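Engineer: This is a predicted model, with the sequence first.
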Amino acid sequence: MKRPLLTILHLPLALFLIAPHQSLAEKSAQDARPLLSETTYQALADVHTMTEKGDYQEALAALQKLGSQANANPYEAAVINQNLGYVYHALGDYPKAIDAFERALNTGLLPQILTHSLTYNLAQLLIYTKAYREGLQYLNEWLKNEPAPSSEPHILAASAYYQLEQYGEAIPHARIAVQQVSEPNESWYQLLLACYYQLSMYENAATLLEEMIVNFPKERSYWLQLTGVYQQLKREKQALAILELAYSQDMLDEHDLLRLAQLYLYMEMPYKAGGLLATELKAGRIKKTKENLELLANSWLLAQEKQKAADALQQAAQVAEDGTLLYQLGRIYVDLERWGEAITALQASTKTSGLDDPADAYLLLGIAAYRLGNNGLATKAFTKAVSYDKTKSQADWWLQQLAIESDPETTDRVL
């Protein structure tokens, strides 16, 4: 929180002065306001001169001396404490400034205009020193008596309520502060947004973020937050549109690019996901890890682009020799009837530790070998596949076919 800038009212000292030549009748004709003695008036005038020069230690000493002489006059003591508060504030001694202001206010003798100003100053200091509840008591009193509060007191109240985790109380003040200023204050928007998040007010957060993007279009976090809020509200099309706009402005890092690809997949747009991933992998903005290449392959598979899926899996297999990846690659080659490449991938998959269930790999390996005319390899693969319950019946059938083809007499008997 920024250091409080106290509102200092430089009221004319003559306002508090008892003029020696003034008659009692003349004084009674004025308002009943207490006035300063000429001695105190002159001393305070000297103090004001010191503070204007920045001689705060000298001013402090003068006020302390003056205070010790004014104990019998409560009104003069109140004015001296008021000035002490400003000097302590200037010296950065906020606890003493608070104490001086409170003593001045508690007399009830100061003019209303000065009391009003000191009430706000005291609220600022208390909130600055994290005495939020006490500060809010003074601030709310000040707001009740201020005909047209500016944005600053409202944002001060919002900040204090936020620190007290009273987000519902903070929101109206933060809204007023944001709406009153002609030049948007980014930190005030952020405070209001944080309150909405704390109370799960996502519709309000979405509306505010839309406004924040207009006012602060270069801040990528607002685009990403709006995407997340839209997703929270199940407004996926709008989430996708915002993320695409952010992408078009080159605002996305690797994590966000992957998020966009996954959103494409969620929206059943696998071709766009594949195109995005392929482009960004090639450009180096997405790392060529096993997981990212596998995501690319799955995107192309969902888009029915089997050759592109095979190319992606081939790259993934080069990055990490993973049995499951090699099996998936072999299966795609079988679908493409590229038997030799299928055999290479499937044989490699069965020799790795990453393939938890090799039954299908042996079955497909046998089929690929058979299609290529390598009956010896096919027999070995089907024999392996027979040992697994899930592929036993299919492998048996293929072994019978191989036996028939290798024994012409068996073929004649079958016919």
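Structural biologist: Ah, there it is. What you are looking at is a predicted structure, and each value in this text was computed from that prediction instead of being measured. Numbers count the residues shown, from 1 in each chain.
Engineer: Using PDB, list the CA coordinates for stretch 392-409.
Structural biologist: Provided in PDB are the C-alpha atoms of stretch 392-409 (Å, rounded to 0.1, in the frame of the first residue of the first chain):
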ATOM      1  CA  LYS A 392      -6.000 -66.400 -28.500                       C
ATOM      2  CA  SER A 393      -8.900 -67.100 -30.900                       C
ATOM      3  CA  GLN A 394      -7.800 -64.700 -33.600                       C
ATOM      4  CA  ALA A 395      -4.200 -65.900 -33.500                       C
ATOM      5  CA  ASP A 396      -5.400 -69.600 -33.700                       C
ATOM      6  CA  TRP A 397      -7.400 -68.700 -36.800                       C
ATOM      7  CA  TRP A 398      -4.400 -67.200 -38.500                       C
ATOM      8  CA  LEU A 399      -2.200 -70.100 -37.500                       C
ATOM      9  CA  GLN A 400      -4.700 -72.500 -39.100                       C
ATOM     10  CA  GLN A 401      -4.600 -70.400 -42.300                       C
ATOM     11  CA  LEU A 402      -0.800 -70.600 -42.400                       C
ATOM     12  CA  ALA A 403      -1.000 -74.300 -41.900                       C
ATOM     13  CA  ILE A 404      -3.500 -74.700 -44.700                       C
ATOM     14  CA  GLU A 405      -1.300 -72.600 -47.100                       C
ATOM     15  CA  SER A 406       1.800 -74.600 -46.200                       C
ATOM     16  CA  ASP A 407       0.200 -78.000 -46.700                       C
ATOM     17  CA  PRO A 408      -1.500 -78.500 -50.200                       C
ATOM     18  CA  GLU A 409      -2.900 -81.800 -49.200                       C
END
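Engineer: Just the buried positions in that stretch, please.
Structural biologist: Buried positions in stretch 392-409, judged by neighbour count with 16 or more other Cβ atoms under 10 Å: 394-395, 398-399, 402. Placement of C-beta: from N, CA and C, glycine included.
Engineer: Now intersect the residues you listed with the helices, please.
Structural biologist: Among the buried residues of stretch 392-409, the members found in helices (DSSP state H) are 394-395, 398-399, 402.
Engineer: Quick check: Leu329 vs Gln347, distance?
Structural biologist: The gap separating Leu329 from Gln347 is 12 Å, by Cβ to Cβ, to the nearest Å.
Engineer: More neighbours: those two, which one.
Structural biologist: Taking neighbours as other Cβ atoms under 10 Å, Leu329 and Gln347 compare with Leu329 leading, 27 against 18.
Engineer: ok so, going back, tell me the one among the buried residues of stretch 392-409 nearest to Glu146.
Structural biologist: Closest approach to Glu146 among the buried residues of stretch 392-409 (Cβ to Cβ): Gln394, at 84.9 Å.
Engineer: So for that closest one, what's the nearest residue that isn't a sequence neighbour?
Structural biologist: Leaving out its chain neighbours, the residue that sits closest to Gln394 by Cβ to Cβ, 6 or more residues apart in numbering is Leu363, at 6.0 Å.
Engineer: and the gap between the one you found and Leu399?
Structural biologist: When distance is defined by Cβ to Cβ, Leu363 is 11 Å away from Leu399.
Engineer: any low-confidence regions in this protein?
Structural biologist: The model of the chain has pLDDT under 70 over residues 1-34, 70-72, 407-415.
Engineer: quick one, domains of it?
Structural biologist: Domain assignment for the chain, taken from automatic domain parsing, gives 1-147, 321-415.
Engineer: Could you save the ones you listed as a markdown table and add columns showing distance to Tyr271?
Structural biologist: Converted to a markdown table, the domains of the chain look like this (distance: least, Cβ to Cβ, whole Å):
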| stretch | distance to Tyr271 |
| --- | --- |
| domain 1-147 | 51 |
| domain 321-415 | 17 |
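Engineer: Minimum distance to His255: which of the ones you listed has it?
Structural biologist: Going by Cβ to Cβ, the one of these nearest His255 is domain 321-415, 22.9 Å.
Engineer: List phi and psi for Asn185.
Structural biologist: phi -100, psi 110 (degrees, to the nearest 10).
Engineer: what's around it, how many residues?
Structural biologist: For Asn185, the count of nearby residues is 15 (other Cβ under 10 Å).
Engineer: swap in Gly168?
Structural biologist: Neighbours of Gly168 under the rule other Cβ under 10 Å: 11.
Engineer: Over to Asn106?
Structural biologist: 10.
Engineer: With Leu277 instead?
Structural biologist: So Leu277, with other Cβ under 10 Å, has 26 neighbours.
Engineer: No more questions from me, cheers.
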